[in-house]
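[1] Whatever this is, show me its structure:
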Amino acid sequence: MPATTTRRAAAAVAALLVTPALALAADAGGTKNVMEPDLVNSVVTLIVFGALLAVLYKFAWGPILVGLKAREDAQYAAIEEAKKARDEAAAMRAQVQAELAKAADQVRAMLDEARNDASALRATEREAGVKEAAAERERAKREIEVAKDTALDEIYRTAVDLATSLSAKTLGRQISADDHRKLLDESLVELRQSARSA
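    Now for the predicted structure:
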């Protein structure tokens, strides 16, 4: 539509511009100085210029101004949209950075927790090992004590038997079982007391 209006305006302007040329050609009878001021020519030129200005104002300047205004509005809209997109991108970048920082903090916390758990596990295992070793030592001590007591009892009995047998041979008579037990118990008590005091 604006192209048709522009063509019509151009045709009207061309027709107006050609009119003085036709009038000049009709007066071709004599030689006239074209540069010489002529009132009719000046009036016609002013009328043509005014008509051209009116036609351009009516048909060309309006669409041109509308087009320029639309272009200006589009540019302002594009600028505002770019600002909005930039602000959104900055907000998203800040959000992503915050999430990355939060994730890094969580990873750090998880690693710290894992280190603490590993330290606690090592300490627990160390304590368990120390307790097991202490328990094993105590068990070994008890077993050694039991074995020692058993061996000492056996040695005491053997010593008493030998002493009984030796004294029987020396005395030439047999000791009764009750006497034998009594002597054995007394000897064991004496041997234990002497072993503990040593």
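
[2] now whatever helix or strand residue 114 lives in: mean pLDDT?
    Using DSSP states H and E, the element containing residue 114 is helix 62-171. The pLDDT scores in helix 62-171 average 84.

[3] for it, packing partners?
    Contact partners of helix 62-171 among helices and strands, from 3 or more C-beta pairs under 8 Å, 6 or more residues apart in numbering; DSSP states H and E: helix 2-26, helix 177-197. To be clear about C-beta, it is placed using only N, CA and C from the backbone, and glycine gets the same treatment.

[4] let's go with 6 Å and repeat that
    Contacts defined by 3 or more C-beta pairs under 6 Å, 6 or more residues apart in numbering; DSSP states H and E place helix 62-171 against helix 177-197.

[5] Output the helix it packs on as PDB, nothing but the C-alphas.
    Provided in PDB are the C-alpha atoms of helix 177-197 (Å, rounded to 0.1, in the frame of the first residue of the first chain):
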ATOM      1  CA  ALA A 177      46.600 -93.100 104.000                       C
ATOM      2  CA  ASP A 178      45.200 -90.600 106.500                       C
ATOM      3  CA  ASP A 179      48.700 -89.800 107.700                       C
ATOM      4  CA  HIS A 180      49.900 -89.600 104.200                       C
ATOM      5  CA  ARG A 181      47.100 -87.100 103.200                       C
ATOM      6  CA  LYS A 182      47.800 -85.100 106.300                       C
ATOM      7  CA  LEU A 183      51.500 -84.900 105.500                       C
ATOM      8  CA  LEU A 184      50.700 -84.100 101.900                       C
ATOM      9  CA  ASP A 185      48.400 -81.200 102.800                       C
ATOM     10  CA  GLU A 186      50.900 -79.700 105.300                       C
ATOM     11  CA  SER A 187      53.700 -80.000 102.800                       C
ATOM     12  CA  LEU A 188      51.600 -78.300 100.100                       C
ATOM     13  CA  VAL A 189      50.700 -75.500 102.400                       C
ATOM     14  CA  GLU A 190      54.300 -75.000 103.300                       C
ATOM     15  CA  LEU A 191      55.500 -75.200  99.700                       C
ATOM     16  CA  ARG A 192      52.900 -72.700  98.500                       C
ATOM     17  CA  GLN A 193      53.800 -70.200 101.300                       C
ATOM     18  CA  SER A 194      57.400 -70.500 100.500                       C
ATOM     19  CA  ALA A 195      56.800 -70.200  96.700                       C
ATOM     20  CA  ARG A 196      54.600 -67.000  97.200                       C
ATOM     21  CA  SER A 197      57.100 -65.400  99.600                       C
END
